[in-house]
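1. Have a look at this prediction, sequence included:
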Amino acid sequence: MKLNAMGLPAQFSHAFKEQADLFRTLGHPARIAILSILRDGEQCVCHLEAKLGLRQSYISQHLMVLRDAGLVEDRRDGWNVFYRLARPQIRRLLDPLGTPNGTRPPRQAVSTAAGDCPCPKCARRRTKRAVTTRTVRSTNA
C-alpha cells in the first residue's frame, strides 16, 4: 500500500485535504457570521455591513475567501452585488456546531433593525411595511 506524506493511503488523502480546507475556511468568526446571515437567503454587501457592524472592505475580503472556497456565489444587479450560499450543505454543517459551552449561536450574529440597512431589499421591506401599517391604521380608524 502506497502512503502519502500524511501517512494515509492515497485514496483518503484527497478527501481529508478537502475537509481540512473547508474547516480552515470556516476558521474565522466573521466568515461564520456571514454564512449565518446568508442561510436566510441572498444578501447584498451593504446588508451584511449593517447586520454585522463591520467595514465593507473587511466583509468583502472574507466574502472573497468564501467565494474562492466555493461556499458562496455572487450576482451583480446594478451597483449592488448579492451573495448567496453556493452549497446548501453548509446550513447543515453550521447548525449543529453550536459553541463550546453547548449553546447555539444566534441565526444572525448581530441583529439590527432593517431600517439601518440601505440596501434595496431592506428598502422594499420598509416600504411594504409602511404601506401595510398605513392600511391597518386606516382600516381601524
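-> Great, that's in hand.

2. Quick one: classify residue 22 as helix, strand or coil.
-> Here residue 22 is helix, with the state taken from DSSP: H, G, I helix; E, B strand; the rest coil.

3. so what's it closest to, chain neighbours aside?
-> Of all residues beyond its chain neighbours, the one nearest residue 22 is residue 69 (7.0 Å), with distances taken as C-beta to C-beta, 6 or more residues apart in numbering. All C-beta spots, glycine's among them, are computed from the backbone N, C-alpha and C.

4. show me what contacts the one you found?
-> 21-22, 25 (C-beta atoms under 8 Å, 6 or more residues apart in numbering).

5. at 10 Å instead, please
-> Residue 69 is in contact with 21-22, 24-26, 31, 86-87, counting by C-beta atoms under 10 Å, 6 or more residues apart in numbering.

6. Repeat that for residue 72.
-> Here residue 72 is in contact with 31, 34-35, 38, 42, 62-66, 83-87, 90 (criterion: C-beta under 10 Å, 6+ apart).
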